[in-house]
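1. Just to be clear, the model below is a prediction. Sequence and coordinates:
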Amino acid sequence: MTLYKKIILLFTVTLLIYSCTNQNNWNQYLGADRNASVTGENIIKTWPENGPSELWSQPLGPGYGGASIFEDEVYILDRVQGEADILRCFDLNTGEEHWNYRYEAKGEIPFPGSRIVPYVDKNYIWSVGPHG
């Protein structure tokens, strides 16, 4: 994973962790209300001088998708280029992978990797890979 991808993943996970609680999930693209806003939470206005501390990281394939948080779990759609899509579920606090669901998705796309943010509620998880 390139440094740029690690920074983007770290930023995304850090932002989501700072902005989410069990009552205020970031469970879809742009958050719970799809307006990229969080209410009722005290969010820092500036980063510390050395940036936020890394809570955890996981190696993922290339892509531009984002993570969803529901309760204490992080969901992300990963891709093995030309082979498969993998929906992954991580523990929000430790980064431990709870489970993954891999399905065949052969073929190439013009830009590698996933571009979606899974939608999560108490009953279902929805995601659409780059091949639809």
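-> Thanks, I have it.
2. Could you pull up the contacting residues of Gly113?
-> Counting by Cβ atoms under 8 Å, 6 or more residues apart in numbering, Gly113 makes contact with 61-65, 78-79, 81, 130. C-beta: built from backbone N, CA, C; applies to glycine.
3. State the number of residues packed around the closest residue in space to Asn25 that isn't next to it in sequence.
-> Once flanking residues are discounted, Asn25 sits nearest to Phe70: 4.8 Å by Cβ to Cβ, 6 or more residues apart in numbering. Using other Cβ atoms under 10 Å, Phe70 has 22 neighbouring residues.
4. which of the contacts of Gly113 are buried?
-> Using 16 or more other Cβ atoms under 10 Å as the burial test, the contacts of Gly113 include 61, 63, 65, 78-79, 130 as buried.
5. tell me which of those is nearest to Lys122?
-> For the buried ones among the contacts of Gly113, the residue nearest Lys122 by Cβ to Cβ is Gly65; the value is 22.1 Å.
6. Count the residues that sit near the residue lying closest to Ile125 once chain neighbours are set aside.
-> Leaving aside its chain neighbours, Ile125 sits nearest to Pro118 (5.6 Å; criterion: Cβ to Cβ, 6+ apart). Other residues near Pro118 number 25, with proximity taken as other Cβ under 10 Å.
7. Over to Leu87?
-> 19.
8. Spatially nearest residue to Pro112, not counting backbone neighbours?
-> Pro62 is the one closest to Pro112 (Cβ to Cβ, 6+ apart), at 4.5 Å.
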